[in-house]
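Asks: coordinates only, sequence not included:
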């Protein structure tokens with residue numbers, strides 16, 4: 001069955017338009033309550049990022065869940081991975097996150113975690129969608145759900161993050177700039193690194209409900225680069241709005257993407273004898289990552305784009321480390337989902353173990369020139385059009401086996417991504433622009 005509302009990462013869209021309306025989210029809360037706790041009772045957690053619209057959606061979800069007879073624990077602003085962890089920690093039936101991740105404040109979304117702190121299988125999403133088509137009912141007043149706040153949620157998650165690294169790890173002597181994108185981790189992330197001994201300069205930590213991801217965070221690292229250079233910091237850490245994505249900056253201000261971070265973590269895990277199997281990347285992962293891992297006898301495989309596909313591949317192989325060049329990194333030996341703070345700690349642990357700079361550690365990998373152009377306002381089905389396929393085949397013929405072409409419709413935004421990778425930067429740029437223009441023309 002095809003899904004009507006769920007995309008690759010929950011339900012997402014512009015606030016005030018279906019399905020991100022108070023009316024729909026009320027029904028969604030009820031349907032989720034019925035799906036996770038058919039007989040009523042039980043508890044479901046709700047966390048959110050810092051978007052102004054979170055108040056509306058939180059109230060709607062709370063009312064819907066209570067109508068189904070399910071109790072609610074409200075977490076307030078909380079990173080997506082924190083909701084996953086706390087769902088497990090308090091033995092809740094599920095966790096719900098109100099966030100549109102790296103999207104602008106005018107969007108919002110709903111994401112779910114199972115009782116194990118993992119993303120939902122397709123079968124559960126289909127169950128919720130089926131219930132959305134049923135009439136909404138309310139349980140008797142005596143068994144309505146109740147809501148309260150989990151007051152120690154922040155402290156619990158901070159301790160969890162600190163416990164994902166060696167107990168004797170000290171970040172003393174490191175100066176870090178931490179950019180929280182005015183998002184969900186604005187209180188938590190600086191505290192984690194400070195409590196481990198680092199000197200922390202916090203930026204992007206003044207949310208006003210409208211500025212999430214605006215000019216700060218993992219999708220806009222220029223502010224972080226400038227702050228690292230001006231403050232002569234050792235490392236910069238950028239999270240996105242819900243803190244499940246990580247991009248870093250070395251002491252020179254150069255951006256270090258998810259592929260390079262995966263290599264740093266994998267090499268440290270290999271040297272420590274902790275690496276389980278190999279590394280899972282995606283079709284977007286730079287070929288330089290594959291070549292470098294191969295040189296160190298670390299197996300590498302590609303999954304479809306999206307952390308749910310990376311997770312599925314890791315679970316199928318019994319491996320623990322994978323991720324995307326965008327900065328979604330999965331360290332399954334530490335947690336169940338992508339976690340920007342936990343991933344940053346694994347990188348900093350590698351820096352301390354090697355007594356090397358991030359710039360030096362990432363230099364082990366030579367990235368192939370890669371250009372990605374986001375083409376907006378086009379029909380995403382056009383990637384299957386024969387004229388476009390012919391254009392792609394023509395570019396692949398000219399690359400002559402020295403590069404790759406990938407066209408992909410985004411699962412979270414209304415756009416098509418055009419990616420070309422090869423050995424010559426100018427050639428790669430030209431091919432990407434040609435294909436993007438061909439797509440627009442269609």
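Replies: Cool, got the structure. Bear in mind that the values here come from a model prediction, so they are computed numbers and not experimental data.
Asks: so what's residue 420 up against?
Replies: 370, 371, 395, 403, 404, 405, 428, 431, 432, 435 (Cβ atoms under 8 Å, 6 or more residues apart in numbering). (Glycine included, C-beta is placed from N, CA and C.)
Asks: looking at those, which gets the smallest pLDDT?
Replies: Within these, residue 403 has the lowest pLDDT, namely 87.
Asks: in three-state terms, label residue 177 for me.
Replies: Following DSSP: H, G, I helix; E, B strand; the rest coil, residue 177 is assigned to strand.
Asks: verify the stated contact: it with residue 231.
Replies: Yes: in this structure, residue 177 is within contact of residue 231 by Cβ atoms under 8 Å, at 6.3 Å.
Asks: out of the contacts of residue 420, which sit inside strands?
Replies: The strands, defined by DSSP state E, take in 370, 371, 404, 405 from the contacts of residue 420.
Asks: the last one: neighbour count?
Replies: In this case it means residue 405. Counted with other Cβ atoms under 10 Å, residues neighbouring residue 405 total 20.
Asks: again with the first one
Replies: Using other Cβ under 10 Å as the criterion, residue 370 is surrounded by 23 other residues.
Asks: gap between it and residue 264?
Replies: 19 Å (Cβ to Cβ, to the nearest Å).
Asks: and if you look at the last one?
Replies: Taking Cβ to Cβ as the measure, residue 405 and residue 264 are separated by 28 Å.
Asks: kindly report the same for residue 333.
Replies: Residue 333 is 16 Å from residue 264, by Cβ to Cβ.
Asks: for those two, indicate the residue with more neighbours.
Replies: residue 264 (24 against 14).
Asks: where exactly do the helices run in the stretch 201-350 of the chain?
Replies: Residue ranges of the helices in the stretch 201-350 of the chain, as given by DSSP state H, counting those that start in this stretch, are 222-231, 258-271, 287-295, 307-317, 340-354.
Asks: residue 415 is nearest to which of those?
Replies: helix 307-317 (18.5 Å; Cβ to Cβ).
Asks: does that closest one pack against any helices or strands, and if so which?
Replies: Contacts defined by 3 or more Cβ pairs under 8 Å, 6 or more residues apart in numbering; DSSP states H and E place helix 307-317 against strand 279-282, strand 300-303, strand 321-323, strand 329-331.
Asks: just name the most buried of those strands.
Replies: Per-stretch averages of neighbours, counted by mean count of other Cβ atoms under 10 Å, single out strand 321-323 among the helices and strands packed on helix 307-317, with a mean of 28.
Asks: show me the contacts for residue 92.
Replies: Residue 92 touches 42, 43, 44, 45, 73, 86, 115, counting by Cβ under 8 Å, 6+ apart.
Asks: Three-state assignment for the most far-flung residue of the chain relative to its centre, please.
Replies: What lies farthest from the middle of the chain is residue 142; by Cα atoms, centre = their mean that is 39.7 Å. The three-state assignment at residue 142 reads helix, by three-state DSSP.
Asks: which one of the helices of the stretch 201-350 of the chain lies closest to residue 172?
Replies: Among these, if distance is taken as Cβ to Cβ, the winner is helix 340-354, at 9.7 Å.
Asks: report the buried residues of that closest one.
Replies: Within helix 340-354, the residues that count as buried by 16 or more other Cβ atoms under 10 Å are 340-352.
Asks: what's the first helix or strand after that helix?
Replies: helix 358-362 (DSSP states H and E).
Asks: how about that following helix: buried residues?
Replies: In helix 358-362, counting by 16+ other Cβ under 10 Å, buried: 358, 359, 361, 362.
Asks: what of stretch 19-28?
Replies: 19, 20, 21, 22, 24, 25, 26, 27, 28.
Asks: quick one: mean pLDDT for stretch 147-166?
Replies: On average, stretch 147-166 scores 97.
Asks: err, stretch 284-291, not the other one
Replies: Mean predicted lDDT for stretch 284-291 stands at 93.
Asks: can you give me the buried ones in stretch 188-196?
Replies: Applying 16+ other Cβ under 10 Å to stretch 188-196 flags 188, 189, 190, 191, 192, 193, 194, 196 as buried.
Asks: list the contacts of it.
Replies: 78-79, 82, 154, 157-158, 161-162, 165, 169-171, 176, 178, 180, 200, 202, 205, 237, 239, 243, 340-341, 344-345.
Asks: same deal with stretch 220-229?
Replies: With Cβ under 8 Å, 6+ apart as the criterion, stretch 220-229 contacts 177, 179, 181, 201, 203-204, 213-216, 233, 235-238, 247, 249-255.
Asks: take those and keep only those in strands.
Replies: Short answer: those in strands (DSSP E) are 177, 179, 201, 203, 235, 236, 237, 238, 247, 249, 255.
Asks: so who does the third one touch?
Replies: For residue 201, the contacting residues are 175, 176, 177, 178, 227, 231, 233, by Cβ under 8 Å, 6+ apart.
Asks: my guess is the fourth one contacts residue 233. True?
Replies: No: with contact defined as Cβ under 8 Å, residue 178 does not reach residue 233; the gap is 9.7 Å.
Asks: and stretch 310-322, how far from the chain's centre?
Replies: 16 Å (Cα atoms, centre = their mean, to the nearest Å).
Asks: can you pull the buried residues of that stretch?
Replies: 310, 311, 312, 313, 314, 319, 320, 321, 322.
Asks: pipe those into CSV and attach pLDDT and distance to residue 106 per row.
Replies: Supplementary listing: those in CSV, determined by pLDDT from 0 to 100; distance: Cβ to Cβ, whole Å:
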residue, pLDDT, distance to residue 106
310, 96, 28
311, 95, 29
312, 95, 31
313, 97, 33
314, 98, 34
319, 98, 38
320, 97, 37
321, 98, 35
322, 98, 31
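Asks: export the residues you listed to JSON lines and tack on distance to residue 276?
Replies: As requested, the buried residues of stretch 310-322 are exported to JSON lines (distance: Cβ to Cβ, whole Å):
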{"residue": "310", "distance to residue 276": "15"}
{"residue": "311", "distance to residue 276": "14"}
{"residue": "312", "distance to residue 276": "16"}
{"residue": "313", "distance to residue 276": "13"}
{"residue": "314", "distance to residue 276": "9"}
{"residue": "319", "distance to residue 276": "5"}
{"residue": "320", "distance to residue 276": "4"}
{"residue": "321", "distance to residue 276": "7"}
{"residue": "322", "distance to residue 276": "11"}
